[in-house]
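Peer 1: Got a predicted model here, sequence first, then my questions.
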Amino acid sequence: MNDPVDQRPVAVISGGSRGLGLALVTDFLERGYRVETFSRSESAELAALRESTDPDALFWSAVDGTDADAVEGFVRAAARRHRRIDVLVNNAAVGLEGLLTLTSAAAIDAALRTNLTLPVLLTRACLKPMLARRDGVVINLSSINALRGQTGVAVYGAAKAALDGLTRGLAREVGPAGIRVVSIAPGYFDSDMTSGISPDQLRRIVRRTPLGRLGSVEDVLGTVRFLTSPSASFITGQTITVDGGYTC
């Protein structure tokens with residue numbers, strides 16, 4: 001007798017070893033998903049989560065996101081293992097701060113590879129099993145820096161704006177196959193990305209935010225939960241801003 005096929009949905013999450021990525025991995029597991037994630041190295045927190053989780057539910061791989069062949073191989077292995085991919089969350093990102101005229105070509109290239117090229121390649125690979133099933137959701141983690149200019153983050157903002165462009169174009173391309181593509185643009189929230197902001201800057205950000213606080217990881221997780229639920233089945237090609245009104 002053949003073993004029954006595991007019908008639990010599958011989520012692929014890039015950069016799932018720490019911060020928002022680790023929170024996404026944990027949340028999808030709690031929602032009954034099987035999760036495939038990768039990062040350059042495994043954090044102690046992710047290792048502990050894997051130890052305490054059903055071994056058939058959480059899979060981690062060491063992958064250099066700038067290596068196109070490695071990214072393709074990761075997705076092929078995930079698709080063979082599960083025979084499906086239901087959700088992709090393009091979460092992996094690196095910050096790049098500094099005036100453009102003082103930023104090296106190498107730093108620019110590295111930022112664009114992680115913040116733009118990686119999600120394009122990962123999305124292309126994950127779309128193949130999604131198209132085969134004519135179902136799936138792609139969520140791109142963008143940024144309010146894609147929507148509003150700010151000194152010192154021009155390259156980062158440009159990459160995230162391009163990611164929003166990918167969202168809109170791809171939504172038209174794969175919508176007829178039943179696949180939705182959405183961007184989430186978080187504002188300032190407690191994360192590695194904001195750890196370098198001074199207390200004075202954070203206070204100014206809070207004062208400029210209509211809801212009067214910084215965002216939280218839970219604010220982003222709640223939006224992901226909604227966008228991957230049946231309640232969002234008619235939403236695609238949009239950038240959902242989660243910033244407490246900062247950009248309004």
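Peer 2: Good, I have the coordinates.
Peer 1: Please count neighbours and contacts with C-alpha atoms only from this point.
Peer 2: Noted.
Peer 1: Please compute how far stretch 97-107 lies from its chain's middle.
Peer 2: Chain-centre distance of stretch 97-107: 24 Å, with Cα atoms, centre = their mean, to the nearest Å.
Peer 1: model confidence over it, on average?
Peer 2: Taken as a whole, stretch 97-107 has an average pLDDT of 88.
Peer 1: Now do that stretch: everything it contacts.
Peer 2: 96, 151-156 (Cα atoms under 8 Å, 6 or more residues apart in numbering).
Peer 1: which one in these is the model shakiest on?
Peer 2: Among these, residue 152 carries the lowest pLDDT, at 79.
Peer 1: Quick one: residues contacting it.
Peer 2: 97-100 are the contacts of residue 152 under Cα under 8 Å, 6+ apart.
Peer 1: what stretches of the protein score poorly on pLDDT?
Peer 2: Counting by pLDDT under 70, the chain shows low-confidence ranges at 1-4, 191-196.
Peer 1: If any of the contacts of stretch 97-107 are buried, put those into a ChimeraX selection.
Peer 2: Only the buried members of the contacts of stretch 97-107 enter the following ChimeraX selection, criterion being 16 or more other Cα atoms under 10 Å:
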select :96,153,154,155,156
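Peer 1: A helix includes residue 12, no?
Peer 2: No - per DSSP: H, G, I helix; E, B strand; the rest coil, residue 12 lies outside any helix segment and is strand.
Peer 1: Would you mind measuring from it to residue 75?
Peer 2: 8 Å (Cα to Cα, to the nearest Å).
Peer 1: So which of these two has more stuff around it?
Peer 2: In terms of neighbours (other Cα atoms under 10 Å), residue 12 is the more surrounded of residue 12 and residue 75; the figures are 28 against 23.
Peer 1: So that one sits against residue 84, correct?
Peer 2: No - contact criterion Cα atoms under 8 Å: residue 12 and residue 84 do not qualify, at 10.5 Å.
Peer 1: circling back: switch the contacts of residue 152 over to TSV; also include neighbour count, secondary structure and distance to residue 58.
Peer 2: Conversion of those to TSV gives the following (neighbours: other Cα atoms under 10 Å; DSSP: H, G, I helix; E, B strand; the rest coil; distance: Cα to Cα, whole Å):
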residue	neighbour count	secondary structure	distance to residue 58
97	13	coil	34
98	12	coil	37
99	12	coil	40
100	15	helix	40
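Peer 1: so which of those comes closest to residue 40?
Peer 2: Closest approach between these and residue 40, by Cα to Cα: residue 97, at 21.6 Å.
Peer 1: Return the distance of the closest one relative to residue 152.
Peer 2: Counting by Cα to Cα, the gap from residue 97 to residue 152 is 5 Å.
Peer 1: residues of stretch 223-240 that come out buried?
Peer 2: 223-225, 227-228, 236-240.
Peer 1: What residues sit buried inside the longest strand along the chain?
Peer 2: Longest strand in the chain by number of residues (criterion: DSSP state E): strand 179-186. Residues of strand 179-186 classed as buried by neighbour count (16+ other Cα under 10 Å): 179-186.
Peer 1: and that strand, what other elements does it pack with?
Peer 2: Applying 3 or more Cα pairs under 8 Å, 6 or more residues apart in numbering; DSSP states H and E, one finds that strand 179-186 contacts strand 136-141, helix 154-174, helix 217-227, strand 239-242.
Peer 1: end to end, how far does stretch 8-23 reach?
Peer 2: Where stretch 8-23 begins and where it ends lie 20 Å apart, using Cα to Cα.
Peer 1: can you check stretch 128-145 too?
Peer 2: Start-to-end, stretch 128-145 (Cα to Cα) is 30 Å.
Peer 1: what's it in contact with?
Peer 2: The contact list for stretch 128-145 (Cα under 8 Å, 6+ apart) reads 79, 83-91, 119, 123, 153, 156-157, 160-161, 163-164, 167, 174, 177-187, 224, 228, 241, 243, 247.
Peer 1: Perfect, that will be all.
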